[in-house]
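Asks: pasted the sequence and its predicted model underneath.
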2 protein chains.
Amino acid sequence: MAAQPTGAELGLLARPFARGGFKRMAIIVYDEECFQGRHHEFTSECWNVMDFGFESVRSLRVESGAWVGYEHPSFQGQQFVLERGEYPQCDAFGGSNAYHIERMTSFRPISCINHRESRMTIYERENYLGRKGELNDDYPSLQAMGWCHNEVGSMRIHSGAFVCYQYPGYRGYQYIMECDRHAGEYKHFREFGSHCQTPQIQSIRRIQQ
Amino acid sequence: MAAQPTGAELGLLARPFARGGFKRMAIIVYDEECFQGRHHEFTSECWNVMDFGFESVRSLRVESGAWVGYEHPSFQGQQFVLERGEYPQCDAFGGSNAYHIERMTSFRPISCINHRESRMTIYERENYLGRKGELNDDYPSLQAMGWCHNEVGSMRIHSGAFVCYQYPGYRGYQYIMECDRHAGEYKHFREFGSHCQTPQIQSIRRIQQ
């Protein structure tokens, strides 16, 4: 029997590391479900997909890099992380269960580092007050990790990029937090995102390259 | 100024480890949204919440342990992982974006170990054939980790418990896979869950205690 490649050979145990320098980013969007109809490949940010003749995006493929999609033009409204893979319907990429949206109008690449070096601090209250906790891993339940609240009042991203979720298990509203934006400083929940109406955050994970 | 507790003091850097022996599991379910109305605390599996006088579960709190909820009685239909925290509406816990469900009728605790020891193998084709990969971490995009497919044909859970998702970023249908069930053997996608109609799996993560 022919030898099977092992997981290690497939690179599944080894995370991809930053190679330094330029890393190509690519996303292909389609105006029909299941990768049909008009399509366009983007390798950098798109402020409004309608400028490219799209009425809406109904399916997409992330070829490389991590991206953030937005409900409205100019990176406004609900936001959601898009990692490498296939999204054959709006349901596969758009927002949360709770606040289902049917469109993605703008999107941009996320600048992230080797995710093993991602690090952030969360604070109980706004303006970096109250109890705090250091995070450098993925946390499907903050409460299971010792955080007593279902809310995070403010946060600082020291390196890398994270996505914060309203509910445990990576569900609900998403807030993409980056060291390279806002100087990594999010001192009030209104800075978490233009759609954010509450400091409720119950799970957080790193965004990987 | 009083010293603030550090993240390490809050236990956020240290994952909770198995203490050996009995670990209390508790989930409280409510028949109205936002933890209102009739409620009941369960510390073990529930085959049918209607046997306890509930027409439906509209909100819930996981006090401890990890649980799996099911759409239908007797652990049938769509399944979804429930970790410690607050779920104020059905939208916060029920299934995926793509196949939204409005009810949880049965649920049971998930037996998992210290998640740092969780380990599984995925195979390209059914019956453990084709290329394979070893997993012992969280993978929001299998493709970004070197898996060339958007499908997993079969899998073996060697230790612990995992949740597999249809789409990248922990979205879509969920399949809870445990070492302690089916002897950890899932040799065809029909064994992934009673609702599984396709081998499409694009993200996988460990379930923690």
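Replies: That came in fine, so what should we check first? Residues are numbered from 1 along each chain as shown, chains lettered A, B, ... in the order given.

Asks: tell me, how many neighbours does the closest residue to residue A:78 other than its chain neighbours end up with?
Replies: In this structure, residue A:78 finds its nearest non-sequential neighbour in residue A:71, 4.2 Å apart by Cβ to Cβ, 6 or more residues apart in numbering or on different chains. Quick note: C-beta positions are derived from backbone N, CA and C, even for glycine. Close neighbours of residue A:71, defined as other Cβ atoms under 10 Å in any protein chain shown, add up to 21.

Asks: residue A:71 contacts residue A:107, doesn't it?
Replies: No: counting by Cβ atoms under 8 Å, residue A:71 does not reach residue A:107; the two are 10.6 Å apart.

Asks: am I right that residue A:170 is in contact with residue A:140?
Replies: Yes: Residue A:170 lies in contact with residue A:140 (Cβ under 8 Å); the separation is 6.3 Å.

Asks: among these two, which residue is more densely surrounded?
Replies: Set residue A:170 next to residue A:140 and count neighbours by other Cβ under 10 Å: residue A:170 wins out with 31 against 28.

Asks: how much space between the nearest residue to that one once chain neighbours are set aside and residue B:144?
Replies: Leaving aside its sequence neighbours, residue A:170 sits nearest to residue B:170 (Cβ to Cβ, 6+ apart; 4.4 Å). Separation of residue B:170 from residue B:144 (Cβ to Cβ, to the nearest Å): 13 Å.

Asks: could you do residue A:61 as well?
Replies: Here residue A:61 is placed at a distance of 13 Å from residue B:144 (Cβ to Cβ).

Asks: neighbour count winner among the two?
Replies: Using other Cβ under 10 Å as the criterion, residue A:61 and residue B:144 rank with residue B:144 on top: 23 against 20.

Asks: show me what the worst-scoring helix or strand of chain A on mean pLDDT is packed up against.
Replies: Ranked by mean pLDDT, DSSP states H and E, the helix or strand of chain A with the weakest confidence is helix A:90-93, at a mean of 86. Contacts defined by 3 or more Cβ pairs under 8 Å, 6 or more residues apart in numbering or on different chains; DSSP states H and E place helix A:90-93 against strand A:59-64, strand B:161-167, strand B:171-178.

Asks: closest to residue B:41 out of those strands?
Replies: strand B:171-178 (22.1 Å; Cβ to Cβ).

Asks: about what we covered before: work out for me the element the residue nearest to residue A:78 sits within.
Replies: In the assignment (DSSP states H and E), residue A:71 maps to strand A:67-72.

Asks: that strand - which strands sit beside it in the sheet, and in what orientation?
Replies: strand A:76-82 (antiparallel), strand A:106-109 (antiparallel) (DSSP bridges).

Asks: could you look over the helices and strands packed on helix A:90-93 and pick the most buried one?
Replies: Mean neighbours per residue, mean count of other Cβ atoms under 10 Å in any protein chain shown, is largest over those for strand B:161-167, with a mean of 26.

Asks: packing partners of it?
Replies: strand A:85-87, helix A:90-93, strand B:171-178, strand B:203-206.

Asks: worst average pLDDT in these?
Replies: Of all the helices and strands packed on strand B:161-167, the minimum mean pLDDT falls on helix A:90-93 (a mean of 86).

Asks: off-centre distance for it?
Replies: Relative to the centre of its chain, helix A:90-93 is centred 14 Å away, using Cα atoms, centre = their mean, to the nearest Å.

Asks: just the CA trace of that helix, in PDB.
Replies: Extracted C-alpha coordinates of helix A:90-93, given in PDB (Å, rounded to 0.1, in the frame of the first residue of the first chain):
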ATOM      1  CA  CYS A  90     -25.100  35.000   1.800                       C
ATOM      2  CA  ASP A  91     -26.100  32.900   4.700                       C
ATOM      3  CA  ALA A  92     -22.600  31.500   4.800                       C
ATOM      4  CA  PHE A  93     -20.800  34.800   5.300                       C
END
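
Asks: quick one: contacts for the residue nearest to residue A:78?
Replies: By Cβ atoms under 8 Å, 6 or more residues apart in numbering or on different chains, residue A:71 lies in contact with A:77, A:78, A:79, A:94, A:95, A:101, A:103, A:104, A:105, A:195.

Asks: the fourth one and residue A:103 touch, don't they?
Replies: By that I understand residue A:94. Yes: the pair residue A:94 / residue A:103 is scored as a contact, 7.2 Å apart, by Cβ under 8 Å.

Asks: quick one: residue A:140 and residue B:140 touch, right?
Replies: No: if you go by Cβ under 8 Å, residue A:140 and residue B:140 don't touch, sitting 11.4 Å apart.

Asks: what's the overlap in contacts for the two?
Replies: Counting by Cβ under 8 Å, 6+ apart, the shared contacts of residue A:140 and residue B:140 are A:205, B:205.

Asks: okay, now the unreliable bits of chain A?
Replies: For chain A, the stretches with pLDDT under 70 are A:1-23, A:95-102, A:209.

Asks: mind running it again at 80?
Replies: A:1-24, A:94-102, A:112-116, A:209 (pLDDT under 80).

Asks: beta partners for the residue positioned nearest the centre of it?
Replies: Closest to where the C-alpha atoms of chain A average out (Cα atoms, centre = their mean) is residue A:81, at 2.7 Å. Counting by DSSP bridges, residue A:81 is bridged to residue A:68.

Asks: now it: how far from residue A:32?
Replies: Taking Cβ to Cβ, one finds residue A:81 at 23 Å from residue A:32.

Asks: ok, now residue A:154?
Replies: Here residue A:154 is placed at a distance of 42 Å from residue A:32 (Cβ to Cβ).

Asks: more neighbours: these two, which one.
Replies: Taking neighbours as other Cβ under 10 Å, residue A:154 and residue A:32 compare with residue A:154 leading, 23 against 13.

Asks: quick check: nearest residue in space to residue A:131, chain neighbours excluded?
Replies: Leaving aside its chain neighbours, residue A:131 sits nearest to residue A:124 (4.4 Å; criterion: Cβ to Cβ, 6+ apart).

Asks: got it, and residue A:176?
Replies: Residue A:176 sits nearest to residue A:68 (Cβ to Cβ, 6+ apart), 4.8 Å away.
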